[in-house]
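In: Sharing a model prediction with you, sequence too.
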Amino acid sequence: MSSIVDTLYELKYNPFEYGAYFASFYRALGELENNLLLAPLVIPLCSHPIFGQKLFNSNVRSTIWSVFSDRTKLYDLQERIDGFQELTEQSIQYCLVNDWLFVNEECLSLYAYDDSNLVFTNQKSAEKLGRLFIGHSVVEIYAFLGGKPR
């Protein structure tokens, strides 16, 4: 029997909600080799109380350095990556089942289908996170943010 706290947590953090975040992120990210390794960053950064809002308010001139300028506030990033690992896997599976994303096994990458008829609500913070990562390698991103993919 689950408690009310567990039930509320599952209502807030479920793959049906966060699947749209991954579809929005990978649609904005475009082509980047090994981009599957960036998946563990999506939920921890977009649901972060400080950086989620900064991502939402970012604009076309924003960079990874301007949005994440105070990296001391990312002190719990690795803990958040580990905590959201199962939800990340379930959300990606939900996207694959709904044909929002597909996997290129040769270059370990996820890509969004380029179809305007896709039925998901575009998540602005995830889309802007994807745009911030354009032009950076996976190694650069993790070195800057300080986390490790599992």
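Out: Received, thanks.

In: Identify all contacting residues around the helix ranked longest in the chain.
Out: Counting by DSSP state H, the longest helix found in the chain is helix 15-29. Helix 15-29 is contacted from outside by 35, 38-39, 42-43, 46, 87-88, 90-95, 98, 100-101, 110-112, 114, 118, 120-131, 133-134, using CB atoms under 8 Å, 6 or more residues apart in numbering. The way it works is simple: take the backbone N, C-alpha and C, and place the C-beta from them, glycine included.

In: residues near residue 137, how many?
Out: 13 (other CB atoms under 10 Å).

In: brain fart, residue 3
Out: 8.

In: quick one: the helices in the protein?
Out: Using DSSP H, helices in the chain cover 4-12, 15-29, 39-46, 51-57, 64-67, 77-83, 85-97, 124-133, 138-145.

In: Now, of the contacts of helix 15-29, which are buried?
Out: 35, 38-39, 42-43, 46, 87-88, 90-92, 94-95, 98, 100-101, 110-112, 120, 123, 125-131, 133 (16 or more other CB atoms under 10 Å).

In: Pull the number of nearby residues for residue 29.
Out: Using other CB under 10 Å, residue 29 is surrounded by 23 other residues.

In: Ignore what I typed, I meant residue 65.
Out: Neighbours of residue 65 (other CB under 10 Å): 10.
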